[in-house]
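Asker: Give me a model of this one.
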Amino acid sequence: MTLRDEISVPRALTDQEIDKLVLDWSSLPQSSHQEEFLKLDRKTAEEFFLRMRGSDQAGIFCILPVDDRRSWIRLLAPDDAADLIQNLSEDDKKLALQLLDTQTRHDVSAILAYHEDQAGGLMNSRFARLRPDMTVEEAIRYLRAQTRTQVETIYYAYVLDQSQRLLGVVSLRLLFASPPQTVVSQIMVKDKDLAVIHENQDIEETARQFSSREYLALPVVDEKGIMKGILTFDDVVQVVQEEATEDIHKIGGVEALDAPYFKIGFLNMIRKRAGWLLVLFVGEMFTATAMGYYEEQISKAIVLALFIPLIISSGGNSGSQASTLVIRAMALGEVRLRDWWRVFINESAAGFVLGLILGLVGLMRIFFWPAREELYGPHFGLVSLVVGFSLVGVVMWGTLTGSMLPFLLRRLGLDPATASAPFVATLVDVTGLIIYFSVASYIFAGSIL
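Answerer: Next comes the predicted model:
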């Protein structure tokens with residue numbers, strides 16, 4: 001059964017079918033989104049809408065009749081409504097805010113004041129609140145009232161004072177297991193023992209905090225300890241996935257896409273790819289310049305030209321390996337800016353050993369090849385030494401370049417993922433040729449060159 005057939009079925013869909021529709025929605029032509037969405041029965045449509053990404057929800061919001069938009073945007077929690085609104089044009093943003101009730105509009109506006117990559121821009125401002133002087137019986141009754149009107153997700157109840165400063169947290173399990181007359185302040189985990197997220201904290205640091213202890217939700221506070229909202233693990237997972245996608249695009253030498261692949265216009269796709277290709281193309285021009293500089297040496301020993309692709313690809317590959325490892329380690333918090341010296345030592349050793357392995361293989365390939373004299377001339381022994389020593393130098397240089405560039409970019413306040421594999425490979429191509437012909441000039445020392 002095709003996606004179009006599934007959407008057209010006049011019945012409520014199962015959870016699995018709805019999940020499949022969410023995943024396959026981008027494969028439908030955008031011109032047919034309104035028609036297909038309106039074919040869903042109301043209950044299925046609501047479930048479908050709630051599970052979609054903010055960008056897809058925004059697309060549906062814009063194609064719905066104006067009179068219907070109010071009911072759909074009011075289905076969303078404040079953080080999800082903010083995510084939808086962030087994907088709208090300026091005029092549509094104002095309209096969407098006006099469709100919200102007063103309290104939700106206030107909550108959404110507060111979230112929109114943060115950058116979307118900060119914890120405050122992802123938090124849900126509606127959470128379960130308790131006072132420290134409540135008894136357990138009063139707290140349970142109070143939470144029951146909150147879940148009917150104010151709270152979307154409830155994993156923990158947060159204990160606040162009159163100034164909304166976070167004092168502690170109580171798990172629902174502990175709350176229901178405690179005697180009815182026990183005071184909340186006696187069973188809560190106190191502020192000094194709490195894991196909290198600061199409102200301006202970067203999403204990558206937030207994700208590491210979640211993964212370190214497998215939290216379901218964490219409170220978001222300002223610099224004075226006043227609680228602003230909560231972040232749940234599902235909100236963080238979605239954003240981390242988007243961040244990882246952006247980094248992968250950059251590592252591949254592509255400007256990050258801001259929409260699913262099939263929703264990017266052809267001209268927009270060309271624009272996002274052409275920029276990097278032009279930069280890399282200009283960089284590769286320096287390779288031709290370097291070869292021109294050594295034209296005399298090449299003309300005297302044509303055999304050297306045979307190994308140019310081998311030399312520059314080995315350096316580029318080793319540099320790409322190192323940059324990918326360091327960038328990922330930075331993203332996971334395993335490597336920090338101050339660790340550059342340790343990485344330098346590790347990669348120096350790794351580059352030398354890897355270069356030695358490739359150099360030995362290259363040397364043996366030339367020196368022991370059956371038709372070596374016919375292919376490489378009478379000086380095949382010297383050629384094998386040139387290739388072997390050059391590979392040690394080029395691979396070691398490529399490894400150091402690939403590992404140190406992310407630190408340099410981070411130090412300059414740029415995204416380390418910009419030290420993409422194509423960029424490192426282009427840089428090492430030019431310098432690899434210089435190393436190769438310098439080694440050749442030294443080893444031949446007038447015997448050929």
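Asker: for this structure, what spans make up the strands?
Answerer: For the chain, the strands defined by DSSP state E cover 129-130, 156-160, 166-171, 189-190, 197-198, 217-221, 227-232.
Asker: pLDDT (mean, whole number) over the fifth one?
Answerer: Okay, so that is strand 197-198. Confidence over strand 197-198 (mean pLDDT, whole number) is 88.
Asker: Equivalent analysis for the second one, please.
Answerer: Averaging pLDDT along strand 156-160 yields 89.
Asker: what angle separates it from strand 227-232?
Answerer: Interaxial angle of strand 156-160 relative to strand 227-232 (axes from the mean of the first three to the mean of the last three C-alpha atoms, to 10 degrees): 170 degrees.
Asker: rewinding a little: same list (the strands of the chain) but as TSV, adding distance to Glu347 and mean neighbour count.
Answerer: For every residue, glycine as well, the C-beta is placed using N, CA and C. What follows is the strands of the chain, written out as TSV (distance: least, C-beta to C-beta, whole Å; neighbours: other C-beta atoms under 10 Å):
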stretch	distance to Glu347	mean neighbour count
strand 129-130	51	20
strand 156-160	43	23
strand 166-171	43	20
strand 189-190	43	14
strand 197-198	34	21
strand 217-221	35	23
strand 227-232	36	23
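Asker: Leu427 is nearest to which of these?
Answerer: Nearest to Leu427 among the strands of the chain is strand 197-198 (37.5 Å), distances taken as C-beta to C-beta.
Asker: got a list of contacts for the closest one?
Answerer: Contacts to strand 197-198, defined as C-beta atoms under 8 Å, 6 or more residues apart in numbering, come from residues 119, 206, 209, 218-223, 231.
Asker: Now the phi/psi pair for Ser163, please.
Answerer: With angles defined as degrees, to the nearest 10, Ser163 sits at phi -90, psi 10.
Asker: Show me which residues of stretch 118-133 are buried.
Answerer: By neighbour count on 16 or more other C-beta atoms under 10 Å, the buried set for stretch 118-133 is 118-131.
Asker: Kindly export stretch 213-223 (C-alpha atoms) in CSV.
Answerer: What follows is the C-alpha trace of stretch 213-223 in CSV, where atoms were taken according to Å, rounded to 0.1, in the frame of the first residue of the first chain:
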residue,chain,number,x,y,z
ARG,A,213,22.9,10.1,33.7
GLU,A,214,20.0,9.2,31.4
TYR,A,215,17.7,11.8,32.8
LEU,A,216,14.1,12.0,31.7
ALA,A,217,13.8,15.7,32.4
LEU,A,218,15.9,18.5,33.9
PRO,A,219,14.9,21.9,35.3
VAL,A,220,16.0,25.1,33.5
VAL,A,221,17.0,27.9,35.7
ASP,A,222,18.4,31.5,35.3
GLU,A,223,21.4,32.9,37.0
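Asker: where are the low-confidence patches of the stretch 301-449 of the chain?
Answerer: Applying pLDDT under 70 to the stretch 301-449 of the chain picks out residues 301, 372-377, 418-421, 445-449.
Asker: now do the stretch 51-200 of the chain
Answerer: Checking the stretch 51-200 of the chain against pLDDT under 70 turns up 148-153, 191-193.
Asker: how is the chain carved up into domains?
Answerer: The chain is divided into the following domains under automatic domain parsing: 3-117, 129-249, 261-444.
Asker: deepest of the ones you listed, which one?
Answerer: The highest mean neighbour count among the domains of the chain, using mean count of other C-beta atoms under 10 Å, belongs to domain 261-444: a mean of 18.
Asker: Tell me which residues touch Gly315, please.
Answerer: 394-395, 397-398, 425, 428-429, 431-432.
Asker: Of the residues you listed, just say which sits nearest to Ile111.
Answerer: For the contacts of Gly315, with Ile111 as the reference and C-beta to C-beta as the criterion, the closest is Ala425, at 41.3 Å.
Asker: returning to that earlier point: figure out which of the strands of the chain is closest to Tyr142.
Answerer: Using C-beta to C-beta, the nearest of the strands of the chain to Tyr142 is strand 129-130, at 6.7 Å.
Asker: Quick one: distance of the closest one to the chain centre.
Answerer: Its chain's C-alpha centre and that of strand 129-130 lie 35 Å apart, by C-alpha atoms, centre = their mean, to the nearest Å.
Asker: so what strands line up beside it?
Answerer: In the sheet, strand 129-130 lines up against strand 156-160 (parallel) (DSSP bridges).
Asker: Just the residues contacting the strand it pairs with, thanks.
Answerer: With C-beta under 8 Å, 6+ apart, strand 156-160 has contacts from 127-132, 139, 143, 166-172, 175, 184-185, 188, 216-217, 219, 227, 230.
Asker: Run the angle between that strand and strand 166-171 for me.
Answerer: Taking the same axes, to 10 degrees, one finds strand 156-160 and strand 166-171 inclined to each other by 160 degrees.
Asker: Can you give the distance of strand 156-160 from its chain's centre?
Answerer: Distance, centroid of strand 156-160 to centroid of chain: 31 Å (C-alpha atoms, centre = their mean).
Asker: same deal with stretch 400-415?
Answerer: Between the centre of stretch 400-415 and the centre of its chain there are 17 Å (C-alpha atoms, centre = their mean).
Asker: follow-up on the earlier one: relative to Pro309, which of the contacts of strand 197-198 is nearest.
Answerer: For these, the nearest to Pro309 is Thr206 (44.6 Å; C-beta to C-beta).
Asker: ok, so what distance separates that closest one from Ala217?
Answerer: 12 Å (C-beta to C-beta, to the nearest Å).
Asker: what do you get for Gly265?
Answerer: Going from Gly265 to Ala217 by C-beta to C-beta gives 38 Å.
Asker: same thing with Gly398?
Answerer: According to C-beta to C-beta, Gly398 and Ala217 sit 44 Å apart.
Asker: go on, Leu337?
Answerer: Distance check for Leu337 against Ala217: by C-beta to C-beta, it reads 30 Å.
Asker: what's the answer for Lys228, then?
Answerer: Separation of Lys228 from Ala217 (C-beta to C-beta) stands at 13 Å.
Asker: repeat for Arg328
Answerer: 27 Å.
Asker: cool, and His198?
Answerer: From His198 to Ala217 the distance is 16 Å (C-beta to C-beta).
Asker: contacting residues for the closest residue to Phe367 other than its chain neighbours?
Answerer: Distance criterion C-beta to C-beta, 6 or more residues apart in numbering; nearest residue to Phe367, sequence neighbours excluded, is Ser384 at 4.2 Å. By C-beta under 8 Å, 6+ apart, the contact list for Ser384 reads 362-367, 376.
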